[in-house]
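J.: Below: sequence and its predicted model.
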Amino acid sequence: ALPEHLIEDMLFGHEKGAFTGAHKEHKGLFEQAHGGTVFLDEIGEMPLDLQSKLLRVLQFKEFSMVGETKLRQVDVRIVAATNADLKEMVRQGTFRQDLYYRLNVFPIHVPSLRERKADILLLADHFIDKYARTTHKTVRRIATPAIDLLMSYHWPGNVRELENCIERAVLLADGEVIHAHHLPPTLQSAESSGTVHHGTLQETLDALERDLIIDALKT
């Protein structure tokens with residue numbers, strides 16, 4: 001989201017006098033991370049001109065500061081992340097093919113949250129503990145109807161959306177339990193979560209009674 005010249009300055013630094021206001025030399029992230037690791041998030045958003053400079057760092061471990069003519073050597077490990085389809089971007093010409101293959105040394109694919117349902121409650125418990133501590137509340141668990149909503153929702157925003165939902169629920173909870181009404185309306189909607197009930201009124205009442213009994217037993 002930063003202008004191209006600012007990204008270059010952040011990554012590679014600038015020499016004194018390189019531009020108006022450059023009163024002293026500024027080391028970029030690559031030089032600061034010499035011997036360590038640089039994490040580049042949303043690598044698919046990097047402008048094409050900068051991609052070639054990044055490729056030089058990866059390939060030859062060298063770069064130049066903004067306004068500098070000499071080359072500097074650097075030894076860093078680069079970890080890059082993106083939610084974009086880089087293969088498709090290469091096909092469209094918006095991402096360099098040589099950089100793609102240079103970055104793709106050890107790829108790790110993280111499936112979307114809806115593809116790993118078993119992680120939802122583990123993550124939810126972690127976020128409950130996190131936000132209960134930061135808000136000084138005693139929230140400890142999630143009621144069964146709320147669990148059902150979490151498990152049936154399709155999570156288009158993945159883990160960030162789940163964290164936001166749990167943070168909201170902790171803020172709204174007035175006791176130790178997160179209930180369904182503490183979750184955002186998007187989760188409470190039967191249509192959005194795919195939990196439309198097609199049974200009779202008696203079956204719906206029986207299911208509600210069962211959930212209340214389970215909650216009472218947990219308490």
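T.: Yep, that arrived. Numbering: from 1, shown residues only.
J.: C-alpha only now, for contacts and for neighbours.
T.: OK.
J.: Would you mind measuring the gap between the ends of stretch 168-176?
T.: The first residue of stretch 168-176 is 14 Å away from its last residue (C-alpha to C-alpha, to the nearest Å).
J.: Over that stretch, what's the mean pLDDT, rounded is fine.
T.: The average pLDDT within stretch 168-176 is 93.
J.: Quick check: buried residues in that stretch?
T.: Residues of stretch 168-176 classed as buried: 169-170, 173, 176 (neighbour count, 16 or more other C-alpha atoms under 10 Å).
J.: same thing with stretch 52-61?
T.: Residues of stretch 52-61 classed as buried by neighbour count (16+ other C-alpha under 10 Å): 53-55, 57-58, 61.
J.: avg pLDDT for it?
T.: On average, stretch 52-61 scores 84.
J.: And that stretch, how far out from the chain middle?
T.: Here the centre of stretch 52-61 is set off from its chain's centre by 26 Å, with C-alpha atoms, centre = their mean, to the nearest Å.
J.: in what helix or strand does the residue most central in space within the chain lie?
T.: Among the residues of the chain, the one closest to the centroid is R160, at 5.8 Å (C-alpha atoms, centre = their mean). Using DSSP states H and E, R160 sits in helix 158-172.
J.: What of T204?
T.: T204 belongs to helix 201-218 when assigned by DSSP H and E.
J.: any idea how far the spatially closest residue to T135 that is not a sequence neighbour is from K137?
T.: Residue nearest to T135 in three dimensions, not counting chain neighbours: L171, with 7.5 Å by C-alpha to C-alpha, 6 or more residues apart in numbering. Distance, L171 to K137, using C-alpha to C-alpha: 8 Å.
J.: So what's the residue count around L122?
T.: Per other C-alpha atoms under 10 Å, the neighbour tally for L122 reads 10.
J.: Need the phi and psi values for it.
T.: Dihedral angles of L122 (phi, psi; degrees, to the nearest 10) stand at phi -60, psi -50.
J.: and if you look at A80?
T.: Taking degrees, to the nearest 10 as the convention, A80 sits at phi -120, psi 150.
J.: Could I get the phi/psi values of the nearest residue to it once chain neighbours are set aside?
T.: Nearest residue to A80, sequence neighbours excluded (C-alpha to C-alpha, 6+ apart): L40, at 4.7 Å. Taking degrees, to the nearest 10, you get phi -110, psi 110 for the backbone angles of L40.
J.: who touches L40 in this structure?
T.: For L40, the contact set (C-alpha atoms under 8 Å, 6 or more residues apart in numbering) comprises 78-81.
J.: how close does G35 get to R140?
T.: With distances taken as C-alpha to C-alpha, G35 is found 42 Å from R140.
J.: Repeat that for K70.
T.: Taking C-alpha to C-alpha as the measure, K70 falls 58 Å from R140.
J.: Between the two, tell me which one has more neighbours.
T.: Neighbours were tallied for K70 and for R140 using other C-alpha under 10 Å; the higher tally belongs to R140 (14 against 9).
J.: so what's the more buried one up against?
T.: Going by C-alpha under 8 Å, 6+ apart, R140 touches 128-129, 132, 176-177.
J.: Report the distance from stretch 153-166 to the chain centre.
T.: For stretch 153-166, the distance to the chain centre is 10 Å (C-alpha atoms, centre = their mean).
J.: Any stretches of this structure with poor pLDDT?
T.: 1-2, 5, 17-23, 67-68, 189-198 (pLDDT under 70).
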